[in-house]
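# This is a predicted model, with the sequence first.
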Amino acid sequence: MICALPFLMLVPVLPGVVLNADDIMCRVAENQQRAQAERAAYVYDMNIFVKLQRPHSKLAREESRDYTVAPTPAGAVRELRKLEGTIQEGDRRITYTDPKFRYKGMDVDGEITESFANDLLWKKDTNYASVNWFPITRDRMEHASFRLEGEELYHDYPVYRIAWQEHDEHECWTGEALIEKTEFQPVLITTAFSCKLPAAVKILLGTNVTRLGAKISYQRFAKDVWFPVTCGGEMKLRVLFLYSRTIAFSARNTGFRKTDVHSAIEFNSPN
């Protein structure tokens, strides 16, 4: 998909003009780029929750983290305020509060939990939430196709309903997006991983990923100021015939309050 020059995306849609799916998504991409400055006026709280289960729904590990996110002149910083983690090993239940805590020598569950905690709705040193599974930025739209499914009202927002499919062999996600019609901002996006691992990979490496999907929702706080407020999903991972986990993950942003970037909270050790 090739978007027009950025300044054309700022031109209001004239009455009677019908936009196609590519036109709509190009405007969304441009607004995502411009939204960075608008988001720099807000401090908010973030909760990340990750749960790993063994086969037969037996708990392996779960962790909840509370952060405060604050703007800086260069982007944003995030400070961990609270962590509650639990590891279940047979009848033994281990609790911890240190994000660097690892159980025994090679703690795969700990590394996976850390990875999700670092990536869900957060892109380090910026006020731009990481949404790499959703094609709403220019680089992710490059190998995607879009189809306008109609228009409707969703939670009092007039929206376009757009189906999308990525065609890159490494990024073959598919899903649906609800796009607000006047400010061209995403309201709700759902996605699922549609790639199939080659049979040789499954047989030789014993690796498989299934049921991988996620959903992200946005909320409007002022004109042209939209934040992702929830993100959640699930995946099933099996590696080397020995490791099998169902991973549930969620993120929630709350407590938004407007501030001045020059008087924002300063953290000693951003994360």
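Received the coordinates, thanks.
# Could you use CA atoms for every contact and neighbour count after this?
Will do.
# Following the chain onward from the lowest-mean-pLDDT helix or strand in the chain, which element is next?
Counting by mean pLDDT, DSSP states H and E, the chain has its least confident helix or strand at helix 199-205, which shows a mean of 41. Next along the chain after helix 199-205, taking DSSP states H and E as the criterion, comes strand 208-222.
# wait, what's in contact with the closest residue to W173 other than its chain neighbours?
Counting by CA to CA, 6 or more residues apart in numbering, W173 lies nearest to F193, which is 4.6 Å off, once chain neighbours are set aside. Residues counted as contacts of F193 (CA atoms under 8 Å, 6 or more residues apart in numbering) are C172, W173, T174, R211, L212, G213.
# Recalculate using a threshold of 7 Å.
C172, W173, T174, L212, G213 (CA atoms under 7 Å, 6 or more residues apart in numbering).
# Over to T246?
L52, Q53, R54, M235, K236, L237.
# Would you mind pointing out the helix or strand it falls in?
Element membership for T246 (DSSP H and E) is strand 243-258.
# Without its sequence neighbours, what residue ends up closest to D22?
Nearest one to D22, counting by CA to CA, 6+ apart, is F146 at 6.3 Å.
# list the buried ones in the helix or strand containing the one you found?
Applying DSSP H and E as the criterion places F146 in strand 144-154. Under the neighbour-count criterion of 16 or more other CA atoms under 10 Å, strand 144-154 has A144, S145, F146, L148 buried.
# hey, what's D66 bridged with?
Taking DSSP bridges as the rule, D66 bridges to N47, K82.
# Enumerate every residue touching it.
Shown in contact with D66 (CA under 7 Å, 6+ apart): M46, N47, I48, L80, R81, K82, L83.
# burial count for the third one?
Applying the criterion other CA atoms under 10 Å, we find 24 residues in the vicinity of I48.
# please begin residue numbering at 750 from this point
With 750 as the first residue, the last one maps to I797.
# Please tell me the pLDDT value assigned to it.
The confidence metric pLDDT takes the value 96 at I797.
# Can you give me every residue that contacts the residue nearest to it when sequence neighbours are not counted?
Nearest residue to I797, sequence neighbours excluded (CA to CA, 6+ apart): A1000, at 4.6 Å. Contacts here follow CA under 7 Å, 6+ apart; on that basis A1000 touches N796, I797, F798, L869, L870, T979, C980, G981.
# Understood, closing this out.
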